[in-house]
Structures are given as C-alpha cells and as structure tokens.
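>>> Pasting a predicted model and its sequence here:
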Amino acid sequence: MSVLVDKNTRLLVQGITGSAGAFHTRQCAEYGTNVVAGVTPGKGGQMFDEKVPVFDTVWEAKQRTNCNVSMIFVPAAFAADSILEAVNADLDLVVCITEGIPVMDMMRVKAMMRGKRTRLIGPNCPGIITPGACKIGIMPGYIHKPGNVGVISRSGTLTYEAVWQLTTQGYGQSTCIGIGGDPIGGLSHLDCAKLFNDDPDTAAFILIGEIGGSAEEEAAAWIQANCKKPVAAFIAGMTAPPGRRMGHAGAIVSGGKGTATGKIEAMKAAGIAVAETPATIADTLIAQIKK
Amino acid sequence: MNIHEYQAKELLENFGVATTRGQVASTPEEAEKIAAQLGNAELVVKAQVHAGGRGKGTFRNGFKGGVQVVKSAKEAREVAEKMLGQTLVTHQTGPAGRVVNKVLVAESADIAREIYFAILLDRATAAPLVVASTEGGVEIETVAAKSPEKIIREPIDPLGGLQPFQTRKLAGQLGFEHSQTKAATRLFDGLYRTFIGCDCSMVEINPLVVTKQNEVLALDAKFNFDDNALYRHPEIGAMRDTAEEDPREVEASKHGLNYIGLDGNIACLVNGAGLAMATMDIIKFYGGNPANFLDVGGSATEEQVTEAFKILIADKNVKAILVNIFGGIMKVDVIANGIISAAKTVHLSVPLVVRVEGTNVEKGKQLLKESGVTLITADDLGDAAKKAVAAAAAAGSQSQNPNSKEESTPK
C-alpha cells in the first residue's frame, strides 16, 4: 500500500548526533519508523538514546545493521559527500533533508549517481511518509492518514496544506513524497508519477509544482500518454515576479521560461485537473475520483 | 546577488579572460589619473549602477547619458564630475533612479564584430551548457524567437568539464578567423573556469567582441551566483552593494528572513516558500494584490516574527496583513506568541487576518484569543484570503475619503 518506504524499511540517519538530526530521528522513531543506525564521523561506538548504534561510516553501518534507507541531516557544506557515501554503500534510497547545498555539488552528485541503483529524494525537502507505517523526514505525522492517494510535491508546508485537506475530508494517503525545491535534485515529478501509476494501492494522486524548470511539463506529457489514474495538480507562483528566486533555489522564472501559466496550460492540455487555488487542491482531486 | 560592471571585469581578469583595459574611480581626480595612465586612446567613462539602459539614461542634474566617450584625461575628469554623486535614471531604475558612486574608466573598443556567449547551468540535463550566437549585442531572447537556427548549444560534461576540442568547435561555429582562434579558445576556457571557480549559475558575455585590431575581448558581463555557495567565496560576497537593493529586502536578510518586496497592498507572513507563493496567488485570485513574498522559514523565533512585522508595516502601501502558518515542526503556539509580542511592540495600524493550522493549533488559537490583540481569524486558506482582500479594500476606500469618521479613530 505504498511506494519506496514501508514497515520493512530499516533507516540509517546520517548526522544523527546534530541537534536537528537528533530531534527528527526521535520524531520518526516515535511515529513507528524502524531506526536501526546512525552515522557521525568521529562518534562511532556511541549509542544514540541508548538504543541506536552510531558508526563512523555508512559502509560500517550497512555491514552491521543491514540498513537500506538513509535520512541525511548533515550541514550543507558536507551533505553532497554524505549522499555519495550512501550511494557507495549501495543503499536503496537516500532522503536528503539538508537545505542550501551548492548546486555545483549536486550537479557532480547527480553525474556520479548515474548507473547506480540508489535513488535520491531531495535535497532541501521535507522527506517521505507512508502514513501509519514509516515517516522519514520533518513533516508532522499526525496530519496524515493511511489511504490510497499519492502526493508529490516540491514544497514542504504547501504539501502539509494539501495533505490536511485530504485527511479532513476522509481521504487517506498511500505515500507522500516531498522531492525538494532545488534546481538539481533526485527523483522528479515524473519519476514519482511512474511509481504511483505502478503502485496497486495508489488509486489517484496529486502533483504540486511551482515556477522554474520544466519538470512539471515533462510529468504532464507522460501522464497524458500512460496514466489512467485520476490526477490533480496545483502550481504555485502565478504572482511571482520574473528573475527573482522565490525562496527555493529552483523557484525562479528566467528568460521567460518556467512560468506558472505555462505549466498550468501544459497540465490542462494533458487532461490533468488543475486546482484554481491552494485551498481547493483536495477538492479538485476528489471531483476527479468521483467522476 | 548582482555585482557592478567593474567587479565583473575584475573577476574575469582573475581567470585570464581578456577585457578592455581600465579601472574604477570614486573621484574625478582618480578618473583623470586612470585616463592618463591608459594613454591617448579613445576612452569611455561608464556610471556604475546595477541597471541596464545606462547609455540612454539621464542624470537628475540634466546631464544626458551614463556612458560617455572621451578623448582626453581632462575630459574624463569633467565627465566623472558630472556623474559621481548624481542620480541616474534609466528605464530599469524606475523614476527614483540610482546614485552613482563609482565610474569605470576604460579603453573604448574599436568593434568589428559582436558575439553572444554564455555558460549556464542547465536544469534539465543537470550539466553546464554553452549558449552562443553570432548575433551579439542584442537580447538573446529576441534572437531565439526570430532566428532560432542562429543559437549554438554545446553541452559540457559535469565531471570532465569543457574540453579543448569543444572550444575549437565553438570558435569555428562562431566564425572566428584562424588568426583569432587562439585568443577565442583561451577566452572560452577562462570563462568556463570563471563559471566553475565562482560557483555561478550563469555567466553571460554580451557582447564578446572582435576589434578592428584583431583582439577578442569580453566587453560586458552579467553574472548570476549560486547563493548557496557564497559561503566558500567570501570575496564575491564582499562585492554585494546593498545601496543597489530594496532596503526592505536588505533589512529582512539581516534577520534571516526571506523577503521580496512587491507593489500590492496586502502584506503576507507565511512559513515555507511554496506556501508563501501559493498565499500570494490566492490573494490575487480573490482580487487583491500581494505586497510581498515572506517566508519566515521552518524555525523562526519570536524575535524574527516581530522583525518581520516591522518590515511589513514599514511599507506604506500596506492596507492589511495576512498571516498564514501551517505549523509542522514549528509549533503554532510559538508563532502565536510571536504575533502577540509583535502586536505589542509594533503599532499595528492595519487589519490583521490570521489563519493558523497544524501542530499545537488549539493552544495557539487560545493564546491569540486571550491576548486581546485585535485580529480577524479565518478558518481556512480560502477564507483567510477573502477576508484579507475585503479588509484591504475597506481600508483603501477609507483612505480615499478623508472625511470618513472611522479613519480618524485610532485602533
């Protein structure tokens, strides 16, 4: 009933002893996520909260605990190396929460990940959650509810908004994936749309995008050709002035490209229902489901 | 972050990119000295402001043109005297214009041919991309629209970098003669090293010129830097000129707030960049106009929220404030305390609409209710936007009617 993460996920936290890393590790464990290991170079041998062993390297953590997914809270200057370390250890999935990683670093990471089996979510993202089973990230667990709607989004709080609208109307979620707001990242809207389309327990999904780049348009074209499930979308940034970075490094309209209007038109042309306002994201999907 | 023309020139020179000889001056005497050192050649004096259209701009003192050709050191001093300390108005500065604190004194290039050459980080391929054209000196968007066949694209391997054969290929495609190839390829290579070495998201040379003396020079450069990488380039961070930026944005950045000023009348305070953009959008959808983008981030303190309010109400256009918080890790009661403390320290002269949801929402709502702060509460995002638009419209119509009783009643 989910994609990428579930009850069987064995989580490693890179940067587990930092303040944000420690806080969110506890939050995830409290939600029910199976946290099996932590890594902080130089702190190997310690126990986190008297139950999670800390290692110096991801390689060692994998050998000793058979962890298969990593959550990264390492500071921006060192985070690219941490992603590569997790890829080198052949983990299934890396979720990089860290914000502010230089884009050149991510460019090299992306190039070095080619041909490897490890998948990346983020950076600069809220993480991924399969409600009732596994939470990997900084999202508040209680707003979610197990169910069969998938959610894909570049943003954090805007995702919470959509999830909360679904939950309060009785629609639970299969998995919610926050792919992050940076110009170069791991899984794209398209990659996630494919995962949800193939997941028998996802009946419909929501795609939340924003100005900048062309990832939403690519997902729309694929959905039109391949996806039979109901899909609703929302694109943020109709009122954003061109040439300005709207918080996220990736949210910028430049050279007349990546506008909200262009993305909305591409979505509509692909037969995807687009919410007129952020207050009606769930309503728009529910109308599609009931059709 | 933007930098001045003279700073761009310095950066390029550090990486061996050929530019016209010249230096920056802060006084007319300096301008004269630099001009004398440059010799007898025809020179150009250029006002240094972060805005295009300088050549066609006009100074407040009536002097026309922020770019002047001069023939002597004495003339360079006279022109610098008319520019320095004066306000230059161009089509990009707006009517307020910009004060000129520095002028660049440089050799005037004897142009035979103009080329467009840029290196940018292409998101779709996650790799650097050279975009070039023989049609230089004009807007590249215009070239792309009118004659797309004249745009050359050369992708660069993100790990291997720009290869020598690629620089030769580009020189050929851009029509450089054999006698110019060496200078051209050296310039392309230097430009790529600048792009990587300064963590740029874009370096644009427009125009890159061939002079009648057969030199290949970068005449004007535009840089876009990756803000996330500035920590490892303190020398570039030091080039920031806050006098050229919106004072509201400068103030906000001091407090770690992500603020962009706009020209509407409904201020917004939101946590999260996506939700902040979406909040602006919904204000517009219901017929209002957002006054700003403001993301207080995921871990704002009470002090940051107070500072945010100060910046919002310092904008005289603001007729209403909309607070939209979806507490995740940031708890709603913490935000509520921030709002209450801000309302007490800052005199809130405009209606405040508050919509809160998420972690500890009941506690937060209770705090707001008991605080006695005058505010309009909203149930959801749609409701909040409608109420903010209505409040701003009511305040706007009041201020248009100076005889209205309500207006003189202090809240």
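Received, thanks.

>>> Please count neighbours and contacts with C-alpha atoms only from this point.
Fine.

>>> Flag the shaky bits of the stretch 201-350 of chain B, pLDDT-wise.
Nowhere does the stretch 201-350 of chain B drop to pLDDT under 70.

>>> can you tell me how far residue A:266 sits from chain B?
Look at residue A:266 and chain B: by C-alpha to the nearest C-alpha, to the nearest Å, they are 17 Å apart.

>>> which residues does that residue contact?
Residue A:266 makes contact with A:217, A:220-221, according to C-alpha atoms under 8 Å, 6 or more residues apart in numbering or on different chains.

>>> one more time with 10 Å
The contact partners of residue A:266, by C-alpha atoms under 10 Å, 6 or more residues apart in numbering or on different chains, come to A:216-221, A:260, A:272.

>>> Stretch A:46-60: which residues count as buried?
A:46, A:48, A:52-59 (16 or more other C-alpha atoms under 10 Å in any protein chain shown).

>>> what sits up against that stretch?
By C-alpha under 10 Å, 6+ apart, the list of residues contacting stretch A:46-60 reads A:12-17, A:22, A:25-26, A:35-45, A:61-62, A:64-67, A:70, A:82, A:85-91.

>>> Just the strands from the stretch 101-250 of chain A, written as ranges.
A:119-121, A:127-130, A:134-137, A:146-153, A:173-178, A:204-210, A:231-236 (DSSP state E, counting those that start in this stretch).

>>> Using CSV, please lay out those strands together with distance to chain B, mean neighbour count and mean pLDDT.
As requested, the strands of the stretch 101-250 of chain A are exported to CSV (distance: least, C-alpha to the nearest C-alpha, whole Å; neighbours: other C-alpha atoms under 10 Å in any protein chain shown; pLDDT from 0 to 100):
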stretch, distance to chain B, mean neighbour count, mean pLDDT
strand A:119-121, 14, 21, 98
strand A:127-130, 13, 27, 98
strand A:134-137, 11, 28, 97
strand A:146-153, 9, 25, 97
strand A:173-178, 12, 29, 98
strand A:204-210, 7, 26, 97
strand A:231-236, 5, 28, 97
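
>>> Could I get those strands in JSON lines, plus columns for distance to residue B:259?
Putting the strands of the stretch 101-250 of chain A into JSON lines (distance: least, C-alpha to C-alpha, whole Å) gives the following:
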{"stretch": "strand A:119-121", "distance to residue B:259": "27"}
{"stretch": "strand A:127-130", "distance to residue B:259": "25"}
{"stretch": "strand A:134-137", "distance to residue B:259": "26"}
{"stretch": "strand A:146-153", "distance to residue B:259": "22"}
{"stretch": "strand A:173-178", "distance to residue B:259": "23"}
{"stretch": "strand A:204-210", "distance to residue B:259": "18"}
{"stretch": "strand A:231-236", "distance to residue B:259": "17"}
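
>>> Nearest to residue A:278, out of those strands?
strand A:231-236 (6.9 Å; C-alpha to C-alpha).

>>> on contacts alone, who are the packing partners of the closest one?
strand A:146-153, helix A:157-168, strand A:204-210, helix A:215-226, helix A:260-269, strand A:273-274, helix A:281-290, helix B:273-285 (3 or more C-alpha pairs under 10 Å, 6 or more residues apart in numbering or on different chains; DSSP states H and E).

>>> What strands line up against it, and which way round?
Partners of strand A:231-236 in the sheet, by DSSP bridges, are strand A:204-210 (parallel), strand A:273-274 (parallel).

>>> ok, now which ones touch the residue of chain A positioned farthest from its centre?
Ranking residues of chain A by C-alpha distance from their mean position (C-alpha atoms, centre = their mean) puts residue A:45 at the top, at 30.7 Å. Counting by C-alpha under 10 Å, 6+ apart, residue A:45 makes contact with A:39, A:53-56.

>>> Let me know the closest of the buried residues of stretch A:46-60 to chain B.
Of all the buried residues of stretch A:46-60, residue A:48 has the smallest distance to chain B: 21.1 Å, by C-alpha to the nearest C-alpha.
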